[in-house]
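In: predicted model follows, preceded by the sequence.
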Amino acid sequence: MQVNLLVLSYVASAAVSAAVAALAWRRRHMAGARALALLMLAVGWWLLANALEASSVELSTKIAWSVVAYPGIEVAPVLYLLFALAWTRQDRWLTRARLALLLVVPVVSVGMAATNDWHHLLWPTVTLIDAWGVTAVYEHGPWFWVLATYAYGLIGAGLVALVAAIYRYPAVYAARIRLVIVASLVPIVGSVMYAAGLVASAHADLSSIEFAIAGLIGAWAVLRSRLLDIIPVAWSTLVDSLADAVLVLDPERRIAAFNLSATRLLGTGVDAVGQAFDQALGRFPELVAACQGTGHQEAEIQVRAESPSSGSEPADTRWFNVRVTQIGNGQERDAGYLVVLREVTERRAFEDERRAAEEREVELEARLRQSAKMEAVGQLAGGVAHDFNNLLTAIRGFAELHLAEHPPGDSGREDVLEIERAAERAAQLTKGLLAFSRRADAHPVPIDLTEVASDAVVLLRRLVGEHITVRLDAYPEVPCVLADRVQIDQVLLNLAANARDAMPAGGTLTIAVKPATLTKGFARAHPGARAGRHVLLEVSDTGVGMDETTQEHLFEPFFTTKPPGQGTGLGLASVYGIVKQAEGYVDVESRPGSGSVFRVYLPALEGTTAGVQVKPAAGQTRSQGTETILLVEDESAVRLFAQRVLQDYGYRVVGYGDPGVALEAVIGDPGAFDALVTDVVMPTMSGPTLAERVIELRPGLPILFMSGYGGSALPDGAPIPLAKPFSAGDLADAVAALFGRAG
């Protein structure tokens, strides 16, 4: 290995090249900076390979490093041309295909350098001489001259682009361009001197050093003259990046220049430069007319572009904001016109969409308010039903006990029976309230809605009357749903009754069952709905229809459009509650005079078959008990009734109105009680909480819950409660079942 001044020069020049590349890369957002950075990296590669070749003493090693240098040698002229074109903004014609064509010769040359031992077209012979230590002298083969011609042809093309740029930009920027030209001439002058034998050492290849000197001058230009910040390039980049179409017209209204957006919006090509404005843009007569005046003008116009093929058929309609400004150059007032066109078609479409979105938002807010109101009313209805069920339990219970004291034929027996009948009607009202509030007892199993609807059609025909035609549209392969069969029957009955009342003169009632998929967009627009696969139960009629005001209150409890005394106003409220309890969604579509369509969406079950719902039958005879029952009920009338009934059946009953006191009794003597009968909702402690603490003290103790809310007030896995209002027999059967006896 040898180290001399030539090797050190190569290394120093490589370092300079790397520094220039780093400097250019830091400004890579500027025109030409990336190409300059890559150019200096290629030169640095070339120099580093030359340094290693010059430091070697073996012929084979020198040849190997010469081959390594060839990628930098061949790519540098191409990158120089790219830099010149990009920096002067003349690179629009340089497509990927053309760039690939420029790289054909360099790629082939690199391959030929690696295989020179086979063809000897680059250097037929290599000789070692004593100059700068041990130096390799390469005889130039025919392909070398092809490469030299190609390389300096590319450099010459870059120089032409730079010279042309002098005439494109004002004189104030010409000095910067000349500085780049001077830097570009350094390798050319060096090569000419080398060929003429004017270099001190004819055997030293200084081309790479000459490129490094050129890069050093470029670096000085970057630092001192801000080569890459050239203002015309910046303005050109800015104007080309505008979304607005910009056209410059001369005083005769000929097109002098335009930006890329003008090409995109108006279809102007390079050939439009120099053409009259009205001729080049004749397809846009409204635009031409708007630019005919003098001075500053601004207008928003509708442009109907004529088809280039027919010249008469309108291709599309667009809206533009047009601004025309008369410009001067300081000597002449009328030096031309600046036309700026901003397409506002999308803005107008956006405004239309925004108005539609605002309307949808208002509708969604109304739906949300309605949903919140229904939720609040449901909470209120559930609470009312709970308290009312407590009262009804006492009324019905004591009436039942009192009835036993009046044998058939007694004058007071009919009075007691009337009390029972009134209590039963009131109980039906509370069931409707519980259904609306989603607290009714439900026993969901997989059911086939098509089968349910088919079974209900016969009953519905009798319900609606002969003047109304009942149709069933069932689709094949409808999946099952998880719901209470009795409740779904109730939904069909209530919707059919509503349709019957809407068609007093007759009409058609259609029931359809089909699969449906609710999208996320539908769920967002309809609060309460869930996206996914559903089964749609659709009940439609051809009746009088409903206005929007009626629809807003349709599912509210006790809302009715019927005359006083007709209807309770709980039919559709029960439908709403049953569907919500089944995690479904119900919607209505109606207009006055156009009938109504009720759509009930229930979540679909995949791969399931319909189940059978079995309700345990009450025993015909009731057995007597001897056990001790702990009875906890905060409503005193219910507690007294239950206590009397159980005592009549032989049980020993200890009753408490406060669950805390009842718990203390169990703590005092856990073995004193054989079963716990407790209300679910109580002020100081809930029934489930009381049961949990009692079980800790007395594991395995049988427990019976009583609830005016149904099973919804109990945690998952809890036994089905005895629903209020209940009869004496219902209570006796339930307690007997705790001990494994038939009622």
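Out: The structure has been received and is ready for your questions. Numbering: from 1, shown residues only.
In: C-alpha only now, for contacts and for neighbours.
Out: Fine.
In: chain center to the helix or strand harbouring residue 706, what's the gap?
Out: For residue 706, the host element (DSSP states H and E) is strand 703-707. Centre-to-centre, strand 703-707 and its host chain are 47 Å apart (Cα atoms, centre = their mean, to the nearest Å).
In: so what does the lengthiest strand in the chain touch, helix or strand wise?
Out: In the chain, with assignment by DSSP state E, the single longest strand is strand 314-327. With contacts taken as 3 or more Cα pairs under 8 Å, 6 or more residues apart in numbering; DSSP states H and E, strand 314-327 sits against strand 297-306, strand 336-343, helix 345-403.
In: may I see the buried residues of stretch 476-494?
Out: 478-485, 487-488, 490-494 (16 or more other Cα atoms under 10 Å).
In: just those: which are in strands?
Out: 480, 481, 482, 483.
In: surely the third one and residue 605 touch.
Out: Which is residue 482. Yes. Using Cα atoms under 8 Å, residue 482 is in contact with residue 605, at 7.0 Å.
In: overlap in contacts of those two?
Out: Shared contacts of residue 482 and residue 605 (Cα atoms under 8 Å, 6 or more residues apart in numbering): residue 446.
In: retrieve the pLDDT associated with the closest residue in space to residue 326 that isn't next to it in sequence.
Out: Closest residue in space to residue 326, ignoring its immediate chain neighbours: residue 337 at 4.5 Å, by Cα to Cα, 6 or more residues apart in numbering. The per-residue pLDDT reported for residue 337 equals 83.
In: which residues does residue 337 bridge with?
Out: Assessed by DSSP bridges, residue 337 has beta-bridge partners residue 249, residue 326.
In: so where do the helices sit in the stretch 51-200 of the chain?
Out: 59-87, 96-102, 104-114, 116-119, 142-168, 171-195 (DSSP state H, counting those that start in this stretch).
In: so for the second one, mean pLDDT?
Out: For helix 96-102, the mean per-residue pLDDT is 88.
In: buried residues in it?
Out: Buried residues in helix 96-102 (16+ other Cα under 10 Å): residue 102.
In: off-centre distance for stretch 148-167?
Out: Worked out by Cα atoms, centre = their mean, stretch 148-167 lies 52 Å from the chain centre.
In: in it, what counts as buried?
Out: Neighbour-count burial for stretch 148-167 [16+ other Cα under 10 Å]: 150-152, 154-159, 161-163, 165-166.
In: for stretch 15-32, same thing?
Out: 15-25, 27-28, 30-32.
In: residue 123 is in contact with residue 140, correct?
Out: Yes. Contact criterion Cα under 8 Å: residue 140 and residue 123 qualify, at 5.0 Å.
In: who has more neighbours, these two?
Out: residue 123 (18 against 15; other Cα atoms under 10 Å).
In: mind listing what the more buried one touches?
Out: Taking Cα under 8 Å, 6+ apart, one finds 116, 138, 139, 140, 141, 144 in contact with residue 123.
In: what's the PyMOL line that selects buried ones from those residues?
Out: Selection of buried members from the contacts of residue 123 for PyMOL, criterion 16+ other Cα under 10 Å:
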select buried, resi 116
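In: which of the contacts of residue 123 sits closest to residue 722?
Out: residue 116 (100.9 Å; Cα to Cα).
In: if you skip the residues just before and after it, what's nearest to the closest one?
Out: residue 122 (6.5 Å).
In: domain parsing for this protein?
Out: 5-234, 244-343, 358-434, 444-605, 628-738 (automatic domain parsing).
In: now distance to residue 352 too, for these, in a markdown table please.
Out: Shown next, in a markdown table, are the domains of the chain (distance: least, Cα to Cα, whole Å):
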| stretch | distance to residue 352 |
| --- | --- |
| domain 5-234 | 37 |
| domain 244-343 | 14 |
| domain 358-434 | 10 |
| domain 444-605 | 19 |
| domain 628-738 | 47 |
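In: lowest-confidence stretch among those?
Out: domain 358-434 (a mean of 65).
In: shouldn't residue 24 be within a strand?
Out: No. Counting by DSSP: H, G, I helix; E, B strand; the rest coil, residue 24 falls outside a strand, being helix.
In: quick one: contacts for it?
Out: So residue 24 contacts 33, 34, 36, 37 (Cα under 8 Å, 6+ apart).
In: for the residue nearest to residue 116, give me its contacts.
Out: Contacts of residue 122 by Cα under 8 Å, 6+ apart are 112, 113, 116, 140, 141, 142, 143, 144.
In: please report how far it lies from residue 516.
Out: For residue 122, the distance to residue 516 equals 76 Å [Cα to Cα, to the nearest Å].
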